[in-house]
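Participant: Below are the sequence and a predicted model for it; my questions follow.
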Amino acid sequence: MKRVEVLVAGGGIGGLAAAYTQARAGRGVRLLERAEEFGEVGAGLQLGPNATRVLAGWGLLDEVVATGVLPRRLVFRDAVSAEELTHLDLGGEFQRRYHGPYVVAHRSDLHRILLRACEREGVELVKGVSVERVETAGSGARAFCADGSVHEGDVVLGADGLQSRLRAKIVTDSPVESGFVAHRGTFPAGGVDINPDEVVAWLGPDCHLVQYPLRQGEMLNQVAVFRGPGDLDAAFERCCDQVQAALSHLWRDRHWNMLDRAPATSWVDGRLALVGDAAHPMLQYLAQGACQALEDAQVLAEQSVKHAGSWDDALAGYQEIRVPRTARVQATARIWGDIWHVDGLGRTMRNELMRTRDLSSHKYTDWLYGV
Ligand code: FAD
């Protein structure tokens, strides 16, 4: 196999974004994906302005918006009483402050847009190849694959997700079970009592439900999360009628265990660097995993242009910028999950703090969405 400048292991949103930005910077890129077909689970994704700004810079935001929805409000409700506790206006002022819109999109649409962008930039996209290990030496690295093939590059980017094999070369850790389980579901809009302009998070004791529109409002997306093990319906039995009614639209045949890992202090070993969930898997409460993967790709591209000719400096610069940022998002996502799921006195206090929140304050969002 011909040596390339950049090898990417994994073709999820993180790997495609990294491959695209490296190819856009003029490098020869080969992406190796384990699955026989490129694709994503058919559920929704929230993209904060920190991610949509990046997509705009890559010239891809219009396409994403055309397939998605620009919600007007992000609303937090108590799942038991149905009371609105607080909200975030996502309109003009929000977009001006953060230089980008809040977009909800179908995962497969974003994935397809990134895949096509990679094709346009000439990324060599290889399916059905599982990278088993990487050896890094001097000015290059080699990826050894399950089919016996060996690929050489100046650098290997490990984008192989939360269960990353390549991470093990750099960090000795394992995914951490949060004890929570998610059921997802997308379904045609209509006949369901949901405001098509809103992302709604219903916060319940040891459970929550998130609802938002997709595909110009033609579809709705739901994620129901509860403390497992146990039965979905039983977990939500104290919740209000609207939440209970929503449960019938969830996929029952699949569920996802909610895992993350503790933040790592290093993502780089020689010419191997981690991106996306392989680097910073996080719980989904801030809806930031994919957003952070897009930020990774952007910063890595900037650093590799700034330090053209020295991958060692580029990877060091990438790690220096990205590790503290993503560690904060990972840690805050865990805390946010705890706050969402409280009961009793904790619930009373959370609701009061949310109800009396200064709606003009940006203290909870500037650090995450700001430039
Ligand atoms: P993955 O999507 O896991 O991709 C890894 C890829 O690598 C896969 O294609 C896999 O087949 C491939 N692969 C694995 N091993 C190998 C190997 N050895 N060799 C070659 N290929 C390999 N994020 C948001 O930004 N907004 C949200 O609203 C949001 N909601 C979420 C809701 C839920 C319920 C969950 C679970 C997550 C959510 N996330 C959200 C997080 C987001 O989905 C992930 O952070 C993001 O998809 C990670 O992308 P990735 O490419 O790094 O990893």
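Facilitator: Nice, thanks for sending it over.
Participant: which parts of the stretch 51-200 of the chain sit against the ligand?
Facilitator: Counting by CB under 6 Å from any ligand atom, the residues of the stretch 51-200 of the chain close to the ligand are 130, 131, 159, 160, 161, 162, 165, 182. From N, CA and C alone the C-beta is placed, and that goes for glycine too.
Participant: between the residues you listed, which has the most around it?
Facilitator: Ranked by neighbour count (other CB atoms under 10 Å), these have residue 159 at the top, with 33 neighbours.
Participant: quick one: which of the residues of the stretch 51-200 of the chain next to the ligand is nearest the ligand?
Facilitator: residue 161 (2.6 Å; CB to the nearest ligand atom).
Participant: That closest one against residue 277, yeah?
Facilitator: Yes: in this structure residue 161 lies within contact range of residue 277 using CB atoms under 8 Å: 4.8 Å.
Participant: joint contacts of the two?
Facilitator: The contact sets of residue 161 and residue 277 overlap at 12, 14 (CB atoms under 8 Å, 6 or more residues apart in numbering).
Participant: Show me where the stretch 1-150 of the chain has its strands.
Facilitator: With strands called from DSSP state E, counting those that start in this stretch, the stretch 1-150 of the chain shows them at 4-9, 29-32, 44-47, 73-78, 84-89, 103-106, 124-126, 131-137, 140-145, 150-158.
Participant: May I have the strands that pair with the fourth one, each with its orientation?
Facilitator: Taking DSSP bridges as the criterion, strand 73-78 sits next to strand 84-89 (antiparallel), strand 198-204 (parallel) in its sheet.
Participant: Including mean pLDDT and mean neighbour count, could the ones you listed go into JSON lines?
Facilitator: What follows is those, written out as JSON lines (pLDDT from 0 to 100; neighbours: other CB atoms under 10 Å):
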{"stretch": "strand 84-89", "mean pLDDT": "98", "mean neighbour count": "16"}
{"stretch": "strand 198-204", "mean pLDDT": "98", "mean neighbour count": "23"}
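Participant: Which among these is found nearest to residue 33?
Facilitator: With CB to CB as the criterion, residue 33 lies closest to strand 198-204 of the strands paired with strand 73-78, at 30.2 Å.
Participant: contacts for that closest one?
Facilitator: If you take CB under 8 Å, 6+ apart as the criterion, strand 198-204 is touched by 46, 71-80, 85, 102, 104, 194, 208-212, 236, 238-240, 242-243, 340-341, 350.
Participant: swap the cut-off to 7 Å and go again
Facilitator: 46, 71-80, 104, 208-212, 236, 238-239, 243, 340 (CB atoms under 7 Å, 6 or more residues apart in numbering).
Participant: What of stretch 21-33?
Facilitator: Under CB under 7 Å, 6+ apart, the answer for stretch 21-33 is 4-11, 15, 19, 118, 121-127, 129, 131, 143, 145, 151, 297-298, 300-301, 304-305.
Participant: please redo it, this time with the cut-off set to 6 Å
Facilitator: With contacts defined as CB atoms under 6 Å, 6 or more residues apart in numbering, stretch 21-33 is touched by 4-9, 11, 15, 19, 121-127, 129, 131, 297, 301, 305.
Participant: are any of those residues buried, and which?
Facilitator: Buried subset of the contacts of stretch 21-33 (neighbour count, 16 or more other CB atoms under 10 Å): 4-9, 11, 15, 19, 121, 123-126, 129, 131, 297, 301.
Participant: Quick one: buried ones out of the contacts of strand 198-204?
Facilitator: Buried, going by 16+ other CB under 10 Å: 46, 71-80, 104, 208-212, 236, 239, 243, 340, out of these.
Participant: Please list the residues of the stretch 201-350 of the chain that sit near the ligand.
Facilitator: By CB under 6 Å from any ligand atom, the part of the stretch 201-350 of the chain that sits against the ligand consists of 223, 256, 276, 277, 284, 287, 288, 289, 290, 291, 293.
Participant: can you pick the most crowded of those residues?
Facilitator: Neighbour-wise, these (other CB under 10 Å) top out at residue 276, 30 neighbours.
Participant: residues contacting that one?
Facilitator: 14, 159, 293.
Participant: Now do the buried residues in stretch 215-231.
Facilitator: By neighbour count on 16+ other CB under 10 Å, the buried set for stretch 215-231 is 215, 219, 220, 221, 222, 223, 224, 225, 226, 228.
Participant: These in strands, which ones?
Facilitator: Using DSSP state E, the subset of these located in strands is 219, 220, 221, 222, 223, 224, 225, 226.
Participant: Can you verify my assumption that the fifth one contacts residue 184?
Facilitator: Yes: taking contact to mean CB atoms under 6 Å, the distance of 5.2 Å between residue 223 and residue 184 places them in contact.
Participant: The residue in the stretch 1-150 of the chain positioned nearest to the ligand: how many residues sit nearby?
Facilitator: Residue nearest to the ligand within the stretch 1-150 of the chain: residue 12 (2.2 Å; CB to the nearest ligand atom). By other CB under 10 Å, the residues close to residue 12 number 25.
Participant: residues contacting it?
Facilitator: residue 161.
Participant: Tell me, what's the model's pLDDT at it?
Facilitator: Residue 12 is assigned a pLDDT of 98 by the prediction.
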